[in-house]
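Peer 1: Here is a sequence with its predicted model. Questions after.
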Amino acid sequence: MDRVLASGAKGCRFDPCPAYFNTQFFFIVNDEYWMELAFQEALRSAQNRDFPVGAVVVIDEEAISRAGNERYLSHSPLGHAEAIAITRAAEILGDWRLTQATVYVTMEPCPMCSGLMLQTRIKRLVYGVPSYREGCAGSVVNLLDYPGMAHHIEVCSGMLSKKISDLMQDFFLDSRS
């Protein structure tokens with residue numbers, strides 16, 4: 001266990017959410033595992049020449065669904081990784097309410113995906129890198145904890161941020177050459 005805890009905490013900019021402070025190492029290790037799955041989905045998106053974002057929906061330590069961006073693959077503006085993964089999870093569970101779900105996504109959600117998370121009552125969001133252009137979990141605006149909203153989502157950020165940033169930079173460099 002010490003080996004796992006050390007690898008989960010070492011060099012990680014991820015700040016555990018206050019609600020999980022007493023069990024922070026448990027969550028850091030598990031969050032890192034699930035974010036790694038989201039990263040694999042982002043890699044798959046990049047291989048399909050789509051922007052490299054991946055998402056995983058987890059309930060009770062089980063991945064219910066996972067997806068990468070498919071906007072170019074599906075020719076759909078709704079082809080965001082989070083939207084696909086959340087929709088699949090709702091279909092699999094037979095319920096649009098995902099009140100116990102944690103969504104792991106490599107990049108901070110946009111307004112559309114943040115709205116979908118609010119509508120499906122997601123419990124927790126863990127994302128890797130901020131989106132300074134349209135991030136709605138705190139970078140531009142925080143829709144997920146906006147005053148007056150009926151639902152609020154716990155947000156944790158920075159998980160695997162270096163690895164994800166490198167993937168995105170490589171993607172842009174490759175697309176320009």
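Peer 2: Cool, the structure landed. Numbers count the residues shown, from 1 in each chain.

Peer 1: In three-state terms, how would R66 be classified?
Peer 2: strand (DSSP: H, G, I helix; E, B strand; the rest coil).

Peer 1: what pLDDT does it get?
Peer 2: On pLDDT, R66 comes in at 97.

Peer 1: surely it meets S45?
Peer 2: No. Using Cβ atoms under 8 Å, R66 makes no contact with S45, being 11.4 Å away. The way it works is simple: take the backbone N, C-alpha and C, and place the C-beta from them, glycine included.

Peer 1: more neighbours, the two?
Peer 2: S45 (25 against 22; other Cβ atoms under 10 Å).

Peer 1: ok, the more buried one to I92 distance?
Peer 2: 21 Å (Cβ to Cβ, to the nearest Å).

Peer 1: And the residue nearest the centre of the protein?
Peer 2: V105 (1.5 Å; Cα atoms, centre = their mean).

Peer 1: Make sure I have this right: it is in a strand.
Peer 2: Yes. Counting by three-state DSSP, V105 falls inside a strand.

Peer 1: give the contact list for it.
Peer 2: A38, V53, G54, A55, V56, A81, E82, C113, L125, V126, Y127, G128 (Cβ atoms under 8 Å, 6 or more residues apart in numbering).

Peer 1: got these as CSV, with neighbour count columns?
Peer 2: Converted to CSV, the contacts of V105 look like this (neighbours: other Cβ atoms under 10 Å):
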residue, neighbour count
A38, 33
V53, 32
G54, 30
A55, 31
V56, 28
A81, 31
E82, 30
C113, 28
L125, 25
V126, 26
Y127, 30
G128, 27
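
Peer 1: List the buried residues of stretch 37-46.
Peer 2: L37, A38, F39, E41, A42, L43, R44, S45, A46 (16 or more other Cβ atoms under 10 Å).

Peer 1: how about the helices in the protein?
Peer 2: With DSSP state H as the criterion, the chain has helices at 2-9, 24-47, 71-74, 81-93, 111-119, 161-176.

Peer 1: Among those helices, which comes closest to A150?
Peer 2: helix 111-119 (8.0 Å; Cβ to Cβ).

Peer 1: With just CA atoms, put that closest one into PDB.
Peer 2: Output of helix 111-119 as PDB, limited to C-alpha atoms (Å, rounded to 0.1, in the frame of the first residue of the first chain):
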ATOM      1  CA  PRO A 111     -21.000  25.000 -21.000                       C
ATOM      2  CA  MET A 112     -22.900  22.200 -22.800                       C
ATOM      3  CA  CYS A 113     -21.200  19.400 -20.800                       C
ATOM      4  CA  SER A 114     -21.500  21.300 -17.500                       C
ATOM      5  CA  GLY A 115     -25.200  21.700 -18.100                       C
ATOM      6  CA  LEU A 116     -25.600  18.000 -18.900                       C
ATOM      7  CA  MET A 117     -23.700  17.200 -15.600                       C
ATOM      8  CA  LEU A 118     -26.100  19.400 -13.700                       C
ATOM      9  CA  GLN A 119     -29.200  17.900 -15.400                       C
END
